[in-house]
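Chemist: sharing a sequence plus its predicted fold:
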Amino acid sequence: QVQLVESGGGLVQAGGSLRLSCAASELTFSSLRMGWFRQAPGKEREFVAAISSEGAFSYYADFVKGRFTISRDNAKNTMYLQMNSLKPEDTAVYYCAARYGSMSRDPKNYNYWGQGTQVTVSS
């Protein structure tokens, strides 16, 4: 069973930055494809970014391109999401997720989820 724990959320002003972390318990972390998703109140969970098992490939939702960067450190069993130029519409609970299959934008394809971390961007 893969356990994921997010951290790094908080309150930030528009234009500011935050870095989220996702620590995994899995010893085969380097075999996992990872993703970040977010869910705002009253909205469905949506894809933010995904990264391949070794970190060589990644892709992003259009609304975060150029502002967010996904990365991972397999030696530390940790994935990151660097968020810059934050906007009030980025306010949501951010979740990390993992799967052993190929990279995916669809949350239904992910088997393991963290508990989420709240990001609030004030205007």
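Modeler: Looks like it came in fine. Numbers count the residues shown, from 1 in each chain.

Chemist: from Y60, how far out is L18?
Modeler: Note on L18: its distance to Y60, by Cβ to Cβ, to the nearest Å, is 16 Å. The way it works is simple: take the backbone N, C-alpha and C, and place the C-beta from them, glycine included.

Chemist: could you do Y110 as well?
Modeler: Y110 is 16 Å from Y60, where distance means Cβ to Cβ.

Chemist: repeat for K43
Modeler: 18 Å.

Chemist: which of these two has more residues huddled nearby?
Modeler: Y60 (19 against 9; other Cβ atoms under 10 Å).

Chemist: look up phi and psi at the more buried one.
Modeler: Main-chain dihedrals, Y60, degrees, to the nearest 10: phi -130, psi 160.

Chemist: and L4, what does it touch?
Modeler: Residues in contact with L4 (Cβ atoms under 8 Å, 6 or more residues apart in numbering) are C22, A23, A24, S25, C96, A97, A98, Y112, W113, G114.

Chemist: quick one: which of those residues is most hemmed in?
Modeler: That'd be C96 among those, by other Cβ under 10 Å, with 29 neighbours.

Chemist: quick check: bridge partners of that residue?
Modeler: Beta-bridge pairing for C96 (DSSP bridges): W36.

Chemist: do you know the pLDDT at it?
Modeler: Looking at C96, its pLDDT reads 98.

Chemist: quick one: it from Y80, how far?
Modeler: In terms of Cβ to Cβ, C96 sits 10 Å off from Y80.

Chemist: what touches both of the two?
Modeler: L20, C22.

Chemist: partners of the residue lying closest to A40 once chain neighbours are set aside in the sheet?
Modeler: Distances taken as Cβ to Cβ, 6 or more residues apart in numbering place A92 nearest to A40, at 4.2 Å, with adjacent residues excluded. Judged by DSSP bridges, the bridge partners of A92 are V119.

Chemist: burial of A92, as a residue count?
Modeler: Neighbour count for A92, taken as other Cβ under 10 Å: 22.

Chemist: next up, the contacts around it.
Modeler: R38, Q39, A40, K43, Q118, V119.
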